[in-house]
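> sequence and predicted structure are below.
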Amino acid sequence: MKIRARIQTWLAAHPRAAEGARKFNKRRRTWITLFVMLCHIAGFFTSVDAIMSVRTAQGAIAWLVSLNTVPYVAVPAYWVFGRSEFNGYVLTRRADLAEVAPETSKFIKTLSEQRLIALPDRDRPLLVERLAKLPFTLGNDAELLVDGEATFKSIFEGIARAKSYVLVQFYIIRDDSVGRELKASLVERAKAGVSCRLLYDEIGSKLPAAYIDELRRAGVDVRPFHSTRGDSNRFQLNFRNHRKVVIVDGIEAWVGGLNVGDEYKSLNTKFGYWRDTHMRVVGPVVQCTQVAFVEDWHWATDETPQNLNWNPQPAPKGASRALLCLPSGPADRLETCTLFFLNAINSAKTRLWIASPYFVPDEQFISALQLAALRGVDVRIIIPEEADNPLVQLAAWAYFDVLDRVGIKVYRYTKGFMHHKVMLVDDEYGTIGTANFDNRSFRLNFEITMAFANRDFADQVAKMLETDMTHCRAVRTGELQEHGYWFRFMVRAANLTAPVL
């Protein structure tokens, strides 16, 4: 107060300075008023875009309110995180696959000629095939890879076997011991004359220039996915290429939940033991996986990989029937991932076991799970006890009571951090892939999922999940109510962020 009084006294003794201060304050108020008006105008027009483009009514309403009440924060947030349509990405195999890679059209014809397409029965859900634009194929073999040690051993041995080409795509690649092992494997093959392509998501991967330069000097073609490519995508960070794929010579492929980093091999003390699952496949489904890579590479580079193997060959011990669900993501005309998982839940007759590190579904999935339980299906959900995202961990609590009401059992994995994305339906059908059970995977991320229809492989997955459950604790009835009011409030508040988690 003394300082303010001194300033006023000084201004009273210096009338010209006082007049200058009044003019400055007037101009400041004018600029503030103009800024506020412009923010609200921008908020209004942005809310029009939100109404026209946000996929869900709940999301559109949330953006409509925030954009018109607090546009100073909501407008930049919307253009970075709010959009749910990825403009510019062309699903070439749906529009005109032959335009990008003519060999792929021949591949589909060859599958039919060689009788490598499953007959239309329980093992060949036609709805899923229509979503994927690819059939259930016969003559595949699938190997379950549990955790990082088995997965990276299999992948690096596979890369070492490459004679013609290697295609690699990951959401996260780190410059640590596992990341450098990947780099060394690709450098060795490239120097041996093998064509190597590496595609990474530039939002998920923070690779130093030296890492990329070393690969390029060795002849590896390294490219970012370019999720911000195009004028309408320039500022957004919402759409991430979450796929994890390795393909060798068009003969074998790896798909699953593991990225490339020390934590995925349980070598990072911050995360401790890391529970994850990948799978190695051999047979015609490898070419299906290759279609997804070709699409992504074409978007990122405007180029089409040449001299790829599009000749489907049955695996020597091929028994598993497998479908690659591709490409699910914000560029799809339909919500492919949503419809795929809803169909799987609705088809369950005896058993439905789901393991997901991020379990933040919307109302339609909760209703589908409740209906499955009410018709007598054994529904079990396995999630981590401790998540790597505090909001996700809090939001998951909001579902426990509504699931418990119909007898759905929720298990929380306590041995470490559980990151795999696995679903088992009845006794012979299931999925392993990259999609989490949340809005981001269902609507915002580019994902890839392997669906298998084979009793022997399903038995392996069932035993794996049963082992996981021995390291879990069951969520008790009314457990949320045992916590204090403010914890329950934070749970409800976190659940409001579900559309963008």
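It's in.

> going by C-alpha atoms from here, please, whenever you check contacts or count neighbours.
Will do.

> helix, strand or coil for W254?
Look at W254: counting by DSSP: H, G, I helix; E, B strand; the rest coil, its state is strand.

> R189: helix or strand, and which one exactly?
Assessed by DSSP states H and E, R189 sits inside helix 177-191.

> average pLDDT across whatever helix or strand comes next after that helix?
Next along the chain after helix 177-191, taking DSSP H and E as the criterion, comes strand 195-200. Within the predicted structure, the mean pLDDT of strand 195-200 is 96.

> quick one: average pLDDT of the helix holding R189?
The average of the pLDDT scores along helix 177-191 is 97.

> residues contacting it, please?
For helix 177-191, contacts defined as Cα atoms under 8 Å, 6 or more residues apart in numbering pick out 156, 159-160, 162, 173, 195-196, 211, 215, 218-220, 260-262, 265.

> so which of those are in strands?
195-196 (DSSP state E).

> filter the contacts of helix 177-191 down to just the buried residues.
Among the contacts of helix 177-191, those buried by neighbour count (16 or more other Cα atoms under 10 Å) are 156, 159, 162, 173, 195-196, 215, 218-220, 260-262, 265.

> now render these as TSV, adding distance to Y429.
TSV is the format used below for the buried ones among the contacts of helix 177-191 (distance: Cα to Cα, whole Å):
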residue	distance to Y429
F156	29
I159	29
A162	31
I173	31
S195	35
C196	34
L215	40
A218	42
G219	41
V220	38
V260	28
G261	30
D262	32
K265	28
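
> hmm, back to that, what angle do the helix holding R189 and strand 195-200 make?
Computed by axes from the mean of the first three to the mean of the last three Cα atoms, to 10 degrees, the angle separating helix 177-191 from strand 195-200 equals 150 degrees.

> which one of the buried ones among the contacts of helix 177-191 sits closest to G376?
Relative to G376, the closest of the buried ones among the contacts of helix 177-191 is K265; by Cα to Cα it sits at 38.1 Å.

> thinking that closest one is in contact with D147, fair?
Yes - assessed by Cα atoms under 8 Å, K265 is found in contact with D147 at 7.2 Å.

> mutual contacts of these two, please.
The contact lists of K265 and D147 share W274, where a contact means Cα under 8 Å, 6+ apart.

> returning to that earlier point: now, the contacts of helix 177-191 that are in helices?
Members of these lying in helices (criterion: DSSP state H): 156, 159-160, 211, 215.

> residue contacts, the residue lying closest to D147 once chain neighbours are set aside?
Nearest residue to D147, sequence neighbours excluded (Cα to Cα, 6 or more residues apart in numbering): D276, at 4.7 Å. Taking Cα under 8 Å, 6+ apart as the criterion, D276 is in contact with 146-148, 257-258, 264, 418-421.

> again with S356
Here S356 is in contact with 381-384, 418-422, 436-437 (criterion: Cα under 8 Å, 6+ apart).

> in this structure, what helix or strand scores lowest on average pLDDT?
helix 92-100 (a mean of 48; mean pLDDT, DSSP states H and E).

> mind checking what secondary structure N343 has?
Of the three states, N343 takes helix under three-state DSSP.

> could you list the domains of the protein?
With domains defined by automatic domain parsing, the chain comprises 2-82, 92-328, 336-500.

> count of neighbours near the closest residue to A315 other than its chain neighbours?
Distances taken as Cα to Cα, 6+ apart place G283 nearest to A315, at 4.8 Å, with adjacent residues excluded. Residues within reach of G283, counting by other Cα atoms under 10 Å, total 30.

> I figured G283 hits I117, correct?
No - under the criterion of Cα under 8 Å, G283 makes no contact with I117, lying 11.9 Å away.

> the stretch 401-501 of the chain: strands as residue ranges?
Counting by DSSP state E, counting those that start in this stretch, the stretch 401-501 of the chain has these strands, from start to end: 409-413, 417-418, 422-425, 429-433, 437-438, 447-453, 472-474.

> apologies, that question was intended for the stretch 251-400 of the chain.
Using DSSP E, counting those that start in this stretch, the strands of the stretch 251-400 of the chain run over 252-256, 274-275, 277-282, 320-328, 351-355, 359-360, 378-384.

> the ones you listed: which one's closest to N445?
Ranking the strands of the stretch 251-400 of the chain by proximity to N445 (Cα to Cα) places strand 320-328 first, at 7.8 Å.

> then the helix holding R189 to PDB, C-alphas only?
Coordinates of each C-alpha in helix 177-191 appear next as PDB, following Å, rounded to 0.1, in the frame of the first residue of the first chain:
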ATOM      1  CA  SER A 177      20.000 -50.700 -25.200                       C
ATOM      2  CA  VAL A 178      17.000 -52.300 -26.900                       C
ATOM      3  CA  GLY A 179      16.700 -49.500 -29.500                       C
ATOM      4  CA  ARG A 180      20.400 -49.700 -30.300                       C
ATOM      5  CA  GLU A 181      20.000 -53.500 -30.700                       C
ATOM      6  CA  LEU A 182      17.300 -52.800 -33.300                       C
ATOM      7  CA  LYS A 183      19.500 -50.200 -35.000                       C
ATOM      8  CA  ALA A 184      22.500 -52.700 -35.100                       C
ATOM      9  CA  SER A 185      20.300 -55.400 -36.600                       C
ATOM     10  CA  LEU A 186      19.000 -53.100 -39.400                       C
ATOM     11  CA  VAL A 187      22.500 -51.700 -40.100                       C
ATOM     12  CA  GLU A 188      23.900 -55.200 -40.400                       C
ATOM     13  CA  ARG A 189      21.200 -56.300 -42.800                       C
ATOM     14  CA  ALA A 190      21.400 -53.100 -44.900                       C
ATOM     15  CA  LYS A 191      25.100 -53.500 -45.300                       C
END
